[in-house]
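Enquirer: sequence and predicted structure, then a few things I'm wondering about:
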There are 2 protein chains.
Amino acid sequence: MHAPDPSTPDHTVRPETLSYEQAGVQYDLIDPLKISAQRAAASTAVQLAAHGFTEVAASRGESAYVVDVGPFYLASIVECLGTKTLVADEMARLTGKSYYDRIAQDTIAMAINDLITVGATPLVVQAYWAAGGSDWFGDAERAQALVAGWKAACETCQVAWGGGETPALAGIVEGGRVDLAASCTGLINPKERLSVGDRLGEGDAIVLLASSGIHANGLSLARKLVERLPQGYLTEVDPIHHPGLTYGDALLAPTVLYSPVTEALWKAGITPHYCANITGHGWRKLLRHPSTLTYRIRQVPPVTPVLGFIQRHAGQDDREAYSTLNMGAGFAIFVRADDAERTVAVAQAQGVAAIVAGHVEAGPKRLIVEPLGIEFGADDLQLR
Amino acid sequence: MHAPDPSTPDHTVRPETLSYEQAGVQYDLIDPLKISAQRAAASTAVQLAAHGFTEVAASRGESAYVVDVGPFYLASIVECLGTKTLVADEMARLTGKSYYDRIAQDTIAMAINDLITVGATPLVVQAYWAAGGSDWFGDAERAQALVAGWKAACETCQVAWGGGETPALAGIVEGGRVDLAASCTGLINPKERLSVGDRLGEGDAIVLLASSGIHANGLSLARKLVERLPQGYLTEVDPIHHPGLTYGDALLAPTVLYSPVTEALWKAGITPHYCANITGHGWRKLLRHPSTLTYRIRQVPPVTPVLGFIQRHAGQDDREAYSTLNMGAGFAIFVRADDAERTVAVAQAQGVAAIVAGHVEAGPKRLIVEPLGIEFGADDLQLR
């Protein structure tokens, strides 16, 4: 029923190590378009002058786009959930449960966690739920779970759910499937909250906030891996410490919403110098800012069981795993060294585990993860 | 390759008249979810109080959501293109041309033309291009057309293209297809520009702006109709007046971008009392505002050739056609009667044909289209 991905390798050839590219996402095909789109997009910034406004040029290439509208900055974004619904659909088939309340949180987290990196307070979320046909919306239990989860996530983030789109796109979206995305608009207010990295520098501490699992990146790999598991999604992830926790259920732990932490930081008088949402490209996202600095990690957070499970079963070494998955760290906050411990305390007061993982040094652009003996350089992350 | 829409009627039974529901969109399946989502969304408005802001409650149910952030109002939206890409893909197969520059304009128009109804100046557009696989982006000509069209539409509307998402969603989006959407954020500045209908009242004039064709609503019907045409998309729409213009080409006329008109109106000192973007539900959208008023149309604009062609070949009477398609009127502006002629002049100076089509009267909620002898009542449009 579903069109095969042409880039999926022949199933008779089973490689020992499963990389992200082998799992079906070919960045080299997407990247030329992305670069050309980014250039065209950048050229439109001058249009704002007609309205008396200017863009914050440093936000180009960051996770959210920022415009100076006078009394404050305006930040906006649209983000796709990705293919996590395919796991939810399969688990629903296997267990009879609906996981769309969790999926709703994941979708909102994709937008919110990116928007807050620039220092914005999220204000309005719009829902984009494009189904493969009108009948998708006819499953009342699933639809209600999606609505309830969406509402709950908005409440956690103290944003208004403005509205959205629920198109039925037979012929574009596959029958029985849904393409979920969220747009988010927020304000950076007061303007000192802007954190596009101009204050990032040597001596800053790197605080890592815990993830809840795979979040919503690396799912192509995670889904591909199911073929290797005798019990598929129902394989237990960690029978000793988490008996009964299946791979599918563990994958569907919803993404942590980090805006309560960034809002609490502001109230505590802490302004991050920079933030990185650790999504696609895993820990390489710590290299996101264009400045030439060395990021030295001295302590890594505990690896969430499902991520350790994926690493083992995909036969990935640490370098491959940390370059693809969040490995227990969902969000990075770069703060003044003397704010580091308090940043951890503020996060923990919001129920999010955190550690002071390392610091920023003068030096070539690279990330050194000392406890694991791995290193990533500037060439390992080309986002702009 | 594409999953059949379960609601598509058996092809052996060919009804004389082709209605929108017969074309595969079943609103009764979508509507319960929509209503429940709208209620849940409305309940989240209180979250804005945590930030010292409030929603503009009258914008609930309007085309864009509005928040009062103090010095001005913030408006935001996400909008889907729909299934117009299926026409572009088929025409590309038949002619070898890429139509994605036009498709880009359509997608941006979906968002911009809704955002401006509340009086907002669009500032930032984000792109949402979700493909069925990485290979979709590998067609350089198509990708470049999409980028070029997107940039050009942003320039026409004087908005900054902030960025966006280009996910590859094999298993969710069909192979070879793309799900296109746009989010848009704008400001209502100064606040007097807010046009959520509180000033709408009897005596107001109804100015209709010309459409360029089908725009991006009614495409399910238009695609279904192809089965009835011996030459399909290559059938000539109007051999006498427009020799060589094929049905497919005419369908792909890009949606008019109306923000240059609304911006020019403001500069001319005209503040609309209300606006309606005429999309799905055709002219019933003129009944969008919840107040109890009668809308009397005394003059209808010329029917775009492709819409007349659809009406004829689908065997629709005027009531069915005007309740589904824009029939030559893409956008309605409700203004003070003594601003009506000047509104027409301002639109025409922007290259958009316009007419003073009618006026608003006291009376039951209904739309009377006098020249056609048709009428729609409150029960014909349930959007809230």
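Expert: That came through fine. Numbering: from 1, shown residues only, chains lettered A, B, ... in the order given.

Enquirer: contact partners for the residue of chain A positioned farthest from its centre?
Expert: In chain A, A:Ala50 marks the outermost C-alpha relative to the chain mean, sitting 34.1 Å out by C-alpha atoms, centre = their mean. For A:Ala50, the contact set (C-beta atoms under 8 Å, 6 or more residues apart in numbering or on different chains) comprises B:Gln158. To be clear about C-beta, it is placed using only N, CA and C from the backbone, and glycine gets the same treatment.

Enquirer: am I right that it is in a helix?
Expert: Yes. Secondary structure assignment places A:Ala50 in a helix (DSSP: H, G, I helix; E, B strand; the rest coil).

Enquirer: count of neighbours near A:Gln168?
Expert: No, residue A:168 isn't Gln; it's Ala. Neighbours of A:Ala168 under the rule other C-beta atoms under 10 Å in any protein chain shown: 26.

Enquirer: hang on, it packs against A:Trp129?
Expert: No. Using C-beta atoms under 8 Å, A:Ala168 makes no contact with A:Trp129, being 10.0 Å away.

Enquirer: remind me which residues of chain A are low pLDDT?
Expert: By pLDDT under 70, the low-scoring segments of chain A are A:1-16, A:18-27, A:30, A:382-384.

Enquirer: nearest residue to the middle of it?
Expert: Centre of chain A computed as the mean C-alpha position; nearest residue by C-alpha atoms, centre = their mean is A:Thr279, 3.6 Å away.

Enquirer: ok, the spatially closest residue to that one that is not a sequence neighbour - contacts?
Expert: Using C-beta to C-beta, 6 or more residues apart in numbering or on different chains and skipping residues adjacent in sequence, the residue nearest A:Thr279 is A:Asn217, 4.4 Å away. By C-beta under 8 Å, 6+ apart, A:Asn217 lies in contact with A:Gly82, A:Thr279, A:Gly280, A:Gly282, A:Leu325, A:Asn326.

Enquirer: so which two of these are the farthest from each other?
Expert: Greatest spacing in the contacts of A:Asn217, by C-beta to C-beta: A:Gly82 and A:Gly282 (14.6 Å).

Enquirer: ok, which stretches of chain A are strands?
Expert: Residue ranges of the strands in chain A, as given by DSSP state E, are A:54-55, A:65-68, A:73-80, A:121-131, A:160-165, A:178-188, A:205-210, A:274-277, A:294-297, A:329-335, A:354-361, A:366-369, A:374-377.

Enquirer: now these in JSON lines, with distance to chain B and mean neighbour count?
Expert: Converted to JSON lines, these look like this (distance: least, C-beta to the nearest C-beta, whole Å; neighbours: other C-beta atoms under 10 Å in any protein chain shown):
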{"stretch": "strand A:54-55", "distance to chain B": "6", "mean neighbour count": "19"}
{"stretch": "strand A:65-68", "distance to chain B": "3", "mean neighbour count": "24"}
{"stretch": "strand A:73-80", "distance to chain B": "4", "mean neighbour count": "29"}
{"stretch": "strand A:121-131", "distance to chain B": "4", "mean neighbour count": "27"}
{"stretch": "strand A:160-165", "distance to chain B": "3", "mean neighbour count": "25"}
{"stretch": "strand A:178-188", "distance to chain B": "4", "mean neighbour count": "29"}
{"stretch": "strand A:205-210", "distance to chain B": "21", "mean neighbour count": "25"}
{"stretch": "strand A:274-277", "distance to chain B": "14", "mean neighbour count": "26"}
{"stretch": "strand A:294-297", "distance to chain B": "24", "mean neighbour count": "21"}
{"stretch": "strand A:329-335", "distance to chain B": "19", "mean neighbour count": "27"}
{"stretch": "strand A:354-361", "distance to chain B": "23", "mean neighbour count": "21"}
{"stretch": "strand A:366-369", "distance to chain B": "24", "mean neighbour count": "21"}
{"stretch": "strand A:374-377", "distance to chain B": "23", "mean neighbour count": "17"}
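
Enquirer: out of those, which comes closest to A:Ala314?
Expert: Closest among these, using C-beta to C-beta: strand A:374-377, at 16.4 Å.

Enquirer: report all helices and strands that the closest one contacts.
Expert: Strand A:374-377 makes packing contacts with helix A:318-322, strand A:366-369 when contacts are defined by 3 or more C-beta pairs under 8 Å, 6 or more residues apart in numbering or on different chains; DSSP states H and E.

Enquirer: pairing partners for it, with directions?
Expert: In the sheet, strand A:374-377 lines up against strand A:366-369 (antiparallel) (DSSP bridges).

Enquirer: any idea how far the partner strand is from the chain center?
Expert: Offset of strand A:366-369 from its chain centre (C-alpha atoms, centre = their mean, to the nearest Å): 20 Å.

Enquirer: what's the answer for stretch A:360-368, then?
Expert: Relative to the centre of its chain, stretch A:360-368 is centred 23 Å away, using C-alpha atoms, centre = their mean.

Enquirer: ends of it, how far apart?
Expert: The separation between the terminal residues of stretch A:360-368, taken as C-alpha to C-alpha, to the nearest Å, is 10 Å.

Enquirer: so what touches that stretch?
Expert: So stretch A:360-368 is contacted by A:200-206, A:283-284, A:286-287, A:291-297, A:334, A:374-378 (C-beta under 8 Å, 6+ apart).

Enquirer: export stretch A:328-337 as PDB, just CAs?
Expert: In PDB, the C-alpha atoms belonging to stretch A:328-337 read as follows (Å, rounded to 0.1, in the frame of the first residue of the first chain):
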ATOM      1  CA  GLY A 328      20.000  11.500  26.500                       C
ATOM      2  CA  ALA A 329      20.500  15.200  25.900                       C
ATOM      3  CA  GLY A 330      17.500  17.000  24.200                       C
ATOM      4  CA  PHE A 331      18.500  20.600  24.500                       C
ATOM      5  CA  ALA A 332      21.700  22.500  25.200                       C
ATOM      6  CA  ILE A 333      21.900  25.900  27.000                       C
ATOM      7  CA  PHE A 334      25.100  27.900  26.900                       C
ATOM      8  CA  VAL A 335      25.300  30.300  29.900                       C
ATOM      9  CA  ARG A 336      27.800  32.300  31.800                       C
ATOM     10  CA  ALA A 337      29.900  29.900  33.900                       C
END
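
Enquirer: please report the distance of A:Leu219 from A:Cys80.
Expert: With distances taken as C-beta to C-beta, to the nearest Å, A:Leu219 is found 12 Å from A:Cys80.

Enquirer: does the residue nearest to the centre of chain A touch A:His215 like I think?
Expert: Yes. The pair A:Thr279 / A:His215 is scored as a contact, 7.0 Å apart, by C-beta under 8 Å.

Enquirer: look up how far A:Leu123 lies from the residue in the stretch 251-384 of chain A that chain B sits nearest to.
Expert: Closest residue of the stretch 251-384 of chain A to chain B, C-beta to the nearest C-beta: A:Glu263 (8.5 Å). As judged by C-beta to C-beta, A:Glu263 and A:Leu123 stand 12 Å apart.

Enquirer: ok, A:Phe376 next?
Expert: 35 Å.

Enquirer: before we move on, back to that, what is the residue nearest to the centre of chain A paired to in the beta sheet?
Expert: Under DSSP bridges, the beta-bridge partners of A:Thr279 are A:His281.
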